[in-house]
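>>> coords below, sequence missing:
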């Protein structure tokens, strides 16, 4: 017999007990201020970029010691500074341990001025760059969303999406929490990270809150806080004095040992161009080949102005390596058909100076050698590698198509002759190239493409297919109208004129990291062209070196790091700010030493950039002599940077 259900029984009796929701911890405003100051002073005394410290410690949270130690307002924080051989700070943390805490205490005993401003994402991005927003996890905000800028005069800054409760601090007491009284505690199994742990107490005369204000006179300057330099305390002089002999070594310490990586998708480490030529199997451009090149330029009439002098990129070795350039010169000497091919993957609306290198040079070749030129915009590639899909809004293919239009304006302003130039988007032009794309797909195996480019099974099929699309413009029959080179598929009856057009040789100016695409192309080229083609269908290449980022000579400039580059949309003021605050100097740390020792031109980014963009050979030689010897008009870093700023402002305005 079933027992009747008791209607008065508690209906929640068998339900799972609900978890108690913990109330959020309310941190005293003075402790928030103390944490901000401690973090900034640690970064300043050890020579750490606030952005790098924040990126490496994105998940670091203050331990609320005040909950157990009330009424004392105490907290504890642990910051990582990377591996012992890859520290993000300038100071060697294994020395001066007893001095660092004293410096921190001295600085935070001062009456520090703390301010908090309200702004928008777009305004903050304009003032500080996308990298600053990304370092604080704010890069996904919409342009008009609020961003709060907290600024401690001469010490630090902080960006947040919500206001921080702050109050004036009278004093901060430190209680170092590391083992064995060491400042830098080496912890972590295997990785052996360097971490600094600090326990601190905020002392105040109450909770006099700091109000939020609007930045009516503009946002404060944060440039010195993002540099890897010791900017607080007397340790700057201590380190310089005790290690003066090693300063130049420290500038490149560890860089020589970093593995050089150069492929179609990544450039990393210190680039040994001679080693790279050996690895890729190309050839260095010899002085004899340059002399011959100059003779061909003279033979064909030179630039549109009649100038027959070689381009500075050739005179100064920026274009340094080649494949079959000598054979191209032979064809030009014989007045045979040759055309130019270059391109751009539109990944951002604003191009930077590094992007201009191949286009300025290709435009020069077009004018000096009187050659047609095709420019491929690989908007399809950028979508395949970086495209996104949103269930509500769909994919962003049209975004990359729009970038092609924006980039095309800058490219065509590099000096191309309109009647000899064909710029095209893969999304719009693939049809005429498709027969050659199909031939390339047939000729190249999947294992070959995967071996060259590192594709794996989880990659979309478009990535594997794309190399053939970049290879197709190497063959004149991809342009049956522009070059009048109709393949047998389009013109079964081949005329002599059409056959000559199909035998045109292709010369590709590009950075050397693009060489893998065309090594693949050259291996199967004979299957795409008539047997009478003078190079067997193989495209010839002339390779450029990488344009160095502002922070140093490793790798190449990147659009993703706004402070590593000068963009064509940068204002004159922005160009000046970036060069003054971001450009890595090969000069000495004091004027006296600079006068005595001079600068290392191989390390100095401002000088390296002048070699790319300043036309005057005599002035460049004067700058090199003055700067490297510490004498003359251009003896100092400031003088060289000033000249570079003038050159770049004129270039970008044009």
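That came through fine. Just so you know, these numbers come straight off a predicted model, no measurement behind them.

>>> count of neighbours near the closest residue to residue 585 other than its chain neighbours?
Sequence neighbours aside, residue 637 is the residue nearest to residue 585 in space, at 4.6 Å (criterion: CB to CB, 6 or more residues apart in numbering). Glycine gets a C-beta too; all of them are placed from N, C-alpha and C. For residue 637, the neighbour count with other CB atoms under 10 Å is 21.

>>> again, but for residue 349
Neighbour count of residue 349, defined by other CB under 10 Å: 16.

>>> so who does it touch?
Applying CB atoms under 8 Å, 6 or more residues apart in numbering to residue 349 gives the contacts 402, 403, 406, 407, 569.

>>> Give me the buried subset of these.
403, 407 (16 or more other CB atoms under 10 Å).

>>> Return the subset of the contacts of residue 349 lying in helices.
Those of the contacts of residue 349 mapping onto helices are 402, 403, 406, 407, per DSSP state H.

>>> For those, work out which two are farthest apart.
Greatest spatial distance among these (CB to CB): 402 and 407, at 9.8 Å.

>>> Would you mind giving the ones in helices among the contacts of residue 349 as TSV with pLDDT added?
Output for the ones in helices among the contacts of residue 349, formatted as TSV (pLDDT from 0 to 100):
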residue	pLDDT
402	94
403	94
406	92
407	94
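
>>> I'd like to know which of those residues is nearest to residue 633.
Distance to residue 633 across those (CB to CB) is lowest for residue 407, with 38.2 Å.

>>> any idea how far that closest one is from residue 205?
With distances taken as CB to CB, to the nearest Å, residue 407 is found 58 Å from residue 205.

>>> just residue 421 next, same as before
72 Å.

>>> And these two? Which one has more around it.
When residue 421 and residue 205 are compared for neighbours, residue 421 comes out ahead with 18 against 10, by other CB under 10 Å.

>>> mind listing what the more buried one touches?
Residue 421 touches 366, 372, 373, 374, 375, 412, counting by CB under 8 Å, 6+ apart.

>>> list the helices and strands the one helix or strand the first one maps to packs on?
I take that to be residue 366. Using DSSP states H and E, residue 366 maps to helix 353-369. If you count contacts as 3 or more CB pairs under 8 Å, 6 or more residues apart in numbering; DSSP states H and E, helix 353-369 packs onto helix 287-299, helix 312-315, strand 338-344, strand 373-377, helix 397-412, strand 505-511, strand 540-544, helix 605-613.

>>> Report the distance from that helix to the chain centre.
Centre-to-centre, helix 353-369 and its host chain are 22 Å apart (CA atoms, centre = their mean, to the nearest Å).

>>> cool, and stretch 415-433?
28 Å.

>>> And it, what's buried?
For stretch 415-433, using 16+ other CB under 10 Å, the buried residues are 416, 421, 422, 423, 424, 425, 426, 427, 429, 432, 433.

>>> same question, stretch 564-582
564-568, 570, 574-579, 582.

>>> Sort these by pLDDT and name the bottom one.
pLDDT across the buried residues of stretch 564-582 is lowest for residue 564, at 72.

>>> and the closest residue to that residue other than its chain neighbours, which of the three is it?
The spatial neighbour of residue 564 that comes closest, neighbours along the chain excluded (CB to CB, 6+ apart), is residue 549 at 3.7 Å. For residue 549, the assignment made with DSSP: H, G, I helix; E, B strand; the rest coil gives coil.

>>> what about residue 549, neighbour count?
22.

>>> I'd guessed it sits against residue 565; true?
Yes - under the criterion of CB atoms under 8 Å, residue 549 makes contact with residue 565 at 6.7 Å.

>>> What's the mean pLDDT across the strand of greatest length in the chain?
What stands out as the longest strand in the chain, according to DSSP state E, is strand 193-203. Average pLDDT, strand 193-203: 82.

>>> Okay, buried residues for that strand please.
Per 16+ other CB under 10 Å, strand 193-203 contains these buried residues: 193, 194, 195, 196, 197, 198, 199, 200, 201, 202.

>>> Repeat that for stretch 449-467.
449, 452, 453, 455, 463, 464, 465, 466, 467.

>>> Would you tell me what helix or strand the second one is located in?
What that stands for is residue 452. Going by DSSP H and E, residue 452 is part of helix 446-453.

>>> cool, and the fifth one?
According to DSSP H and E, residue 463 maps onto helix 461-471.

>>> what residues does that helix touch?
With contact meaning CB under 8 Å, 6+ apart, helix 461-471 is reached by 343, 376, 378, 380-381, 384-385, 426, 430, 433, 437, 440-441, 444, 446, 449-450, 452-453, 455, 517-518, 520-521.

>>> Can you identify the element that follows that helix toward the C-terminus?
Note on helix 461-471: by DSSP H and E, the next helix or strand toward the C-terminus is helix 496-502.

>>> same for that following helix, what does it pack against?
Judged by 3+ CB pairs under 8 Å, 6+ apart, helix 496-502 is in contact with no other helix or strand.

>>> And for that helix, what's in contact with it?
337, 476-477, 483-487, 491, 494, 529-530, 532-533.

>>> Restrict those to the buried ones and give me that as a PyMOL selection.
Of the contacts of helix 496-502, the buried ones go into a single PyMOL selection, burial set by 16+ other CB under 10 Å:
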select buried, resi 337+476+477+483+484+485+486+487+491+529+533
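
>>> got JSON lines for the contacts of helix 496-502, with distance to residue 52 too?
Shown next, in JSON lines, are the contacts of helix 496-502 (distance: CB to CB, whole Å):
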{"residue": "337", "distance to residue 52": "53"}
{"residue": "476", "distance to residue 52": "49"}
{"residue": "477", "distance to residue 52": "51"}
{"residue": "483", "distance to residue 52": "50"}
{"residue": "484", "distance to residue 52": "55"}
{"residue": "485", "distance to residue 52": "52"}
{"residue": "486", "distance to residue 52": "57"}
{"residue": "487", "distance to residue 52": "54"}
{"residue": "491", "distance to residue 52": "60"}
{"residue": "494", "distance to residue 52": "62"}
{"residue": "529", "distance to residue 52": "51"}
{"residue": "530", "distance to residue 52": "57"}
{"residue": "532", "distance to residue 52": "58"}
{"residue": "533", "distance to residue 52": "53"}
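
>>> Redo the contacts of helix 496-502 as a markdown table? Include pLDDT.
Listed next are the contacts of helix 496-502 as a markdown table, based on pLDDT from 0 to 100:
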| residue | pLDDT |
| --- | --- |
| 337 | 95 |
| 476 | 96 |
| 477 | 94 |
| 483 | 94 |
| 484 | 89 |
| 485 | 87 |
| 486 | 82 |
| 487 | 71 |
| 491 | 58 |
| 494 | 65 |
| 529 | 91 |
| 530 | 89 |
| 532 | 91 |
| 533 | 94 |
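
>>> What residues sit buried inside stretch 584-594?
584, 585, 586, 587, 588, 594.

>>> tell me the average confidence for stretch 616-625?
pLDDT averaged over stretch 616-625 gives 95.

>>> Could you do stretch 545-555 as well?
pLDDT averaged over stretch 545-555 gives 78.

>>> With stretch 228-236 instead?
For stretch 228-236, the per-residue pLDDT averages 70.

>>> likewise stretch 323-333?
96.

>>> Centre of the chain to it, how far?
Distance, centroid of stretch 323-333 to centroid of chain: 35 Å (CA atoms, centre = their mean).
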